[in-house]
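Enquirer: what would the 3D arrangement of this be:
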Amino acid sequence: MAGRFGGNCDNHQYYRSLKNRLIQSWQYLTQQQSCYLSDWILGPNTKQDHQRIYMKVPSPERTVQYSFSAHEVDSPVEELLQFYKTIRESVKPKIFVGPSRLKPNSFLNIQHEVTTPLLEAYLRYDAVCENCVRVASNVEAPIFLLACGFISCLLAEDIHRVNPQATVIDLGSSLDPLLVGPTRKTHLSQQSARDLYKEWNVAWPQQQHYYQEIPGWFNFEHLYSLVVSHFPREAKFVEVGTWKGKSAAYLCTEMVKAGKQQTLDCVDHFKGSKEEQDTHHKEATSKYIAEVCGNNLRPFWLSEKNKHWSVRRDNLVKLVPLSSIAAAKQYKDNSLDFVFIDAGHSYEEVKQDIKTWLPKVKQGGWLAGHDYNAPSFPGVSKAVNELLPNVIDMTSCWVYKNE
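Expert: Numbers count the residues shown, from 1 in each chain. Coordinates of the predicted model:
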């Protein structure tokens, strides 16, 4: 954990109170001789950086390079394997603290779990800390394995205060390649990371849904599951209107679970709908929502070959940060299997989107959209019914099969 502050982590909200607590925790931990503090880069400016932000620099023997355990492309394999083998074979009780999708289960033989939110864990810190402190107070010589972003530093301090005999390891994002896929540009692919442990006979879990933890609006799981099962192995999908990626995360997870090579393009200008910029989409005026969405979908776009969500190559998902009309110009007619429209909800906007995207759908493909027959958006149903015959009503969604 680096002692720097002032930025944010994984596009989570960065609060002034969090900054102050991080400084406090860092200063506390640097004073504990039993604590080893890790930095991503031990370069010539590291010491100056720490001094510049008025933090005590730990002695060199207590500062280690973190990346050796992070399943990176250049991680030293022997050290990495020994690190996780030591944890796995330890007879001490092990407690994992992080999102449920990252629980290492049989990989590290976990006995206890303290679940944290995938996003904005700091807002739930008091409850998470209470659970950790309770375990630390009642379990002899526990090993805490932390994978919960910002709050790992805070937990390391609070756990140490109640039980100095506890071992607290901040795993950071090192479990991501194994359990959800790479989430850092330097990470190994999931298959490459898992291959390192092929002799351990680990029962790796199937890709788990995590869309529930992404803010947004999504109630058409049944349609997206049907789309994945209905269309062929290499089908091409487009979602028009993605916001922070909640529905896209569900669709991509279904694609992975089905073992297909389907791809999804997420079209959104990420500026929010005109009619909702003062309400549901107010964040678009202060945040770069495209980066937030890209972060939320990282397990599906980052690989050893791909380093950015705007590039396809072998990516499962790609973000197209353009308006609906501008983005449609990038696709040939009769080239897409499924297009889902959930952008502007006025009569004029829906009508224009249908006229724009329908020619892009292959024969036998589907054009669909959200908020059909929704009292709040009467323009949606009016536009759909005027332009498309024999529309299928799927409860909150409409589907038109381009026969």
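
Enquirer: which helix or strand contains the closest residue to L388 other than its chain neighbours?
Expert: Leaving aside its chain neighbours, L388 sits nearest to Y400 (4.5 Å; criterion: Cβ to Cβ, 6 or more residues apart in numbering). Just so you know, the C-beta spots here come from the backbone N, C-alpha and C atoms, and that holds for glycine as well. Assigned by DSSP states H and E, Y400 falls within strand 397-401.

Enquirer: which other helices and strands contact that strand?
Expert: Secondary-structure packing of strand 397-401 (3 or more Cβ pairs under 8 Å, 6 or more residues apart in numbering; DSSP states H and E): strand 361-370, helix 378-387, strand 392-393.

Enquirer: ok, which stretches of the stretch 51-200 of the chain are strands?
Expert: Assigned by DSSP state E, counting those that start in this stretch, the strands in the stretch 51-200 of the chain fall at 63-65, 94-98, 112-115, 143-146, 167-170.

Enquirer: kindly export the fourth one (C-alpha atoms) in PDB.
Expert: To tie it back to what came earlier, the one meant is strand 143-146. The C-alpha atoms that make up strand 143-146 are tabulated as PDB, following Å, rounded to 0.1, in the frame of the first residue of the first chain:
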ATOM      1  CA  ILE A 143      -4.600 -14.400   9.300                       C
ATOM      2  CA  PHE A 144      -6.700 -11.700   7.600                       C
ATOM      3  CA  LEU A 145      -6.600 -11.500   3.800                       C
ATOM      4  CA  LEU A 146      -7.800  -8.200   2.600                       C
END
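
Enquirer: mind checking which helix or strand of the protein has the lowest mean pLDDT?
Expert: helix 46-52 (a mean of 49; mean pLDDT, DSSP states H and E).

Enquirer: what is whichever strand or helix holds C252 packed up against?
Expert: Using DSSP H and E, C252 falls within helix 246-258. Other helices and strands packing on helix 246-258, by 3+ Cβ pairs under 8 Å, 6+ apart, are helix 221-230, strand 236-240, strand 263-267, helix 289-296.

Enquirer: give me the below-cutoff pLDDT ranges for this protein.
Expert: For the chain, residues meeting the criterion pLDDT under 70 lie at 1-12, 38-68, 272-287, 304.

Enquirer: pick out the residue nearest the middle of it.
Expert: In the chain, the residue lying closest to the centroid (Cα atoms, centre = their mean) is N296, at 3.5 Å.

Enquirer: that one and I214 touch, don't they?
Expert: Yes. Applying Cβ atoms under 8 Å as the test, N296 and I214 come out as touching, 5.2 Å apart.

Enquirer: how does the chain divide into domains?
Expert: Annotated domains of the chain cover 16-200, 212-401 [automatic domain parsing].

Enquirer: ok so, going back, what would the helices and strands packed on strand 397-401 look like in CSV with distance to R313?
Expert: Compiled in CSV, these are given as follows (distance: least, Cβ to Cβ, whole Å):
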stretch, distance to R313
strand 361-370, 23
helix 378-387, 35
strand 392-393, 35
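
Enquirer: burial count for Q363?
Expert: 8 (other Cβ atoms under 10 Å).

Enquirer: likewise for C293?
Expert: By other Cβ under 10 Å, neighbour count at C293 equals 26.

Enquirer: do you know how far it is from P177?
Expert: C293 sits at a distance of 21 Å from P177 (criterion: Cβ to Cβ, to the nearest Å).

Enquirer: please apply the same query to V228.
Expert: Per Cβ to Cβ, V228 is found 24 Å from P177.

Enquirer: just to revisit the earlier point, nearest approach to H222 belongs to which of the strands of the stretch 51-200 of the chain?
Expert: strand 112-115 (26.7 Å; Cβ to Cβ).

Enquirer: show residues contacting that closest one.
Expert: Here strand 112-115 makes contact (Cβ atoms under 8 Å, 6 or more residues apart in numbering) with 93-100, 103, 128, 131-132, 135, 139.

Enquirer: kindly recompute the last result at 6 Å.
Expert: 95-97, 100, 103, 131-132 (Cβ atoms under 6 Å, 6 or more residues apart in numbering).

Enquirer: quick one on the thing from earlier: the helices and strands packed on helix 246-258: which one's closest to K318?
Expert: Closest approach to K318 among those (Cβ to Cβ): strand 263-267, 5.2 Å.

Enquirer: is it true that C148 touches L118?
Expert: No. C148 lies out of contact with L118 (Cβ atoms under 6 Å); the separation is 9.3 Å.

Enquirer: quick one, which of these two is more surrounded?
Expert: More crowded of C148 and L118, by other Cβ under 10 Å: C148, with 27 against 21.

Enquirer: tell me who's in contact with that one.
Expert: 97-98, 116, 121.

Enquirer: mind putting those in CSV, neighbour count and distance to S247 included?
Expert: Output for the contacts of C148, formatted as CSV (neighbours: other Cβ atoms under 10 Å; distance: Cβ to Cβ, whole Å):
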residue, neighbour count, distance to S247
V97, 29, 29
G98, 26, 24
T116, 28, 23
A121, 21, 23
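
Enquirer: identify the farthest-apart pair in the residues you listed.
Expert: V97 and A121 (9.7 Å).

Enquirer: any chance you could give me the strand holding Y400 in PDB, C-alpha atoms only?
Expert: The C-alpha coordinates for strand 397-401 follow below in PDB (Å, rounded to 0.1, in the frame of the first residue of the first chain):
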ATOM      1  CA  CYS A 397     -39.200  -4.600 -22.600                       C
ATOM      2  CA  TRP A 398     -40.300  -4.800 -26.200                       C
ATOM      3  CA  VAL A 399     -38.700  -7.200 -28.800                       C
ATOM      4  CA  TYR A 400     -39.000  -7.100 -32.500                       C
ATOM      5  CA  LYS A 401     -37.800 -10.100 -34.500                       C
END
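
Enquirer: now the angle from that strand to helix 378-387?
Expert: Put simply, strand 397-401 runs at 20 degrees to helix 378-387, going by axes from the mean of the first three to the mean of the last three Cα atoms, to 10 degrees.
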